[in-house]
Structure formats: structure tokens, C-alpha cells
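S.K.: generate a structure from the sequence data that follows.
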Amino acid sequence: MKPLGPGRAWSVVLFDLDGTIVDSAAGIVESLAHTFEAMGAAVPSEEILRSYVGPPLLEALRMQGGFTDVDAWNALSIYRDHYGEVAMHAPAFAGLPELLGALADAGIPLAVATSKPEPMARRILEHLGLASRFAVIAGASEDETRSTKADIVSDALARLRAAKVDTSRPVMVGDRGYDVVGASANEVPTILVAWGYGSPIEAHDAIAVADTVDELAAMLTSGVDAASHPGARRTVPGAAAGA
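M.R.: Predicted structure coming up:
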């Protein structure tokens with residue numbers, strides 16, 4: 001990727017991890033299937049299992065998986081043990097390492113805000129050689145007391161401010177509606193990426209959708225112009241007009 005220009009539309013960029021930086025769906029689906037089987041439950045379809053990528057997993061196991069509180073915790077433990085064995089197999093999406101490097105070289109502070117347990121997120125980023133690009137890597141606490149995207153974004157912003165990073169014009173980059181909701185709770189706008197795991201309807205409240213890494217780079221350096229940018233404020237298929 002060519003060096004980015006001097007433009008700086010945002011004071012800091014917060015990135016989601018799964019489906020945004022890392023193509024982790026295969027390992028997550030494999031570990032979830034193992035978890036359901038180990039719990040003696042029917043294994044959902046791959047399509048349903050992919051929907052677990054994004055929201056806090058303990059909540060998803062309760063609400064989508066139908067597990068009781070006790071069983072959900074047991075399932076979470078089984079999942080984490082299995083996922084720990086396959087997590088490092090997930091590659092970064094093509095062009096993302098170069099984009100992160102270009103943003104960092106342009107002096108734009110970066111952070112991660114992910115629903116993954118923070119130690120696991122850091123381990124994955126270190127394995128990919130990307131951890132040093134981020135001023136803050138914020139994730140869920142392993143005891144799940146900090147698990148919602150809103151709480152994780154709030155934690156990331158607080159830690160950025162403590163590190164003397166300007167958070168006056170933040171933007172979130174993610175792939176799911178959970179990213180939009182969590183960022184909005186902290187008055188942070190969201191750009192969604194089209195290469196992730198979300199459905200088109202989830203982009204309804206995002207300020208823009210980036211189809212390519214180059215398009216995302218332009219949005220992060222030059223800003224989002226709803227009138228002229230091809231990815232900004234597009235009509236989202238399946239969304240009712242005015243909804």
C-alpha cells in the first residue's frame with residue numbers, strides 16, 4: 001500500500017478484530033461445533049454458528065444456544081479450551097496489515113475493541129505481528145464482567161485518554177451491527193466493512209460501508225462524504241425506507 005496522504009479525518013481509529021482484521025470464522029465455527037457436541041446438544045448449522053461471531057459469546061450461548069446459566073459457563077470453558085488450539089490459524093484479511101502500517105506511519109493512533117477475551121486478542125495480534133500497531137488492545141474480561149461492545153469501547157476510550165491520545169474525533173471500524181450499537185452508546189460513529197460476517201441490514205446505522213481496503217483507507221484519512229463517496233450512506237438492501 002502506498003503511504004497515506006497528510007489528511008486526518010479522525011483523531012483515533014478503533015478496530016473490531018473478528019471479521020474486520022482477522023478472518024477467524026472457520027476456527028470459531030469449528031470450536032462452537034465441538035462445544036455443542038461436547039455438551040450433548042444438537043450442533044446447529046454452519047450458518048447459525050457463524051451468527052455467533054460478534055456478540056458476547058456467553059450471552060449468545062444463553063440466548064441463541066438455549067443453555068442455562070450453568071451450562072453456558074461450562075460450554076464457554078469448553079469453547080475457550082478448543083479455540084485456544086486453533087485461534088492462531090486465522091489469517092489477517094488481505095491488505096489489512098498494510099493498511100494498519102500505513103495508518104500508523106501516518107500518525108493516526110489505533111486501538112482494538114473486541115468482544116474476544118483480551119489476552120486471546122493480544123495473543124492473536126502478536127502472532128500476526130500486528131500488536132505493536134495499536135496504542136490500546138481492549139477486549140472482554142475473562143470473567144465476562146466486561147463483555148458488551150459498549151463497555152469494551154468505553155474501556156478502550158478511557159485507556160486511550162489515559163495514554164494522552166486525542167479521542168475527540170473517534171471512529172469505529174467493524175463488520176457487525178453489534179459494533180455499531182456498542183460504538184453508538186459511546187457517541188462514536190461506525191464504518192462497517194463488507195468483507196466481514198455481518199448481513200446488509202446490520203449496516204443501516206453505520207455512517208458508511210467500505211467494500212475494499214483502499215476504500216476504507218480513503219474514509220479513514222479523508223473522511224466520509226455522504227454526497228460523493230461511493231461507499232458512504234448507501235442504501236442497505238432489505239432495509240425499509242425511513243426505518
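
S.K.: please count neighbours and contacts with C-alpha atoms only from this point.
M.R.: OK.

S.K.: just give me the longest strand of the protein.
M.R.: In terms of residue count, the longest strand belonging to the chain (DSSP state E) is strand 110-117.

S.K.: partners of it, with directions?
M.R.: strand 12-15 (parallel), strand 136-140 (parallel) (DSSP bridges).

S.K.: got the buried residues for the helix or strand following the longest one?
M.R.: As assigned by DSSP states H and E, the chain's next helix or strand after strand 136-140 is helix 149-162. Along helix 149-162, these residues count as buried under the neighbour rule (16 or more other CA atoms under 10 Å): K149, A150, D151, I152, V153, S154, D155, A156, L157, R159, L160.

S.K.: thinking again about what came up before, ranking the strands paired with strand 110-117 by burial, who's on top?
M.R.: strand 136-140 (a mean of 26; mean count of other CA atoms under 10 Å).

S.K.: hmm, who's touching it?
M.R.: 110-119, 121-122, 131, 146-148, 152-153, 155-156, 159-160 (CA atoms under 8 Å, 6 or more residues apart in numbering).

S.K.: now with 10 Å, please.
M.R.: Residues outside strand 136-140 that contact it (CA atoms under 10 Å, 6 or more residues apart in numbering): 14-17, 56, 109-122, 125, 131, 146-149, 151-160, 163.

S.K.: could you do stretch 118-130 as well?
M.R.: By CA under 10 Å, 6+ apart, stretch 118-130 touches 17-18, 21-22, 80, 83-84, 87-92, 96-97, 100-101, 112-116, 131-134, 136-142, 152.

S.K.: tell me, how many residues neighbour G40?
M.R.: Using other CA atoms under 10 Å, G40 has 9 other residues around it.

S.K.: er, T145 actually
M.R.: 9.

S.K.: which ones are touching it?
M.R.: D151.

S.K.: pLDDT at it, what is it?
M.R.: Listed pLDDT for T145 reads 83.

S.K.: against A113, how distant is it?
M.R.: Applying CA to CA, to the nearest Å, the value for T145 to A113 is 15 Å.

S.K.: buried subset of the contacts of stretch 118-130?
M.R.: Buried among the contacts of stretch 118-130 (16+ other CA under 10 Å): 17-18, 21-22, 80, 83, 87-88, 90, 92, 96-97, 100-101, 112-116, 131, 133-134, 136-140, 152.
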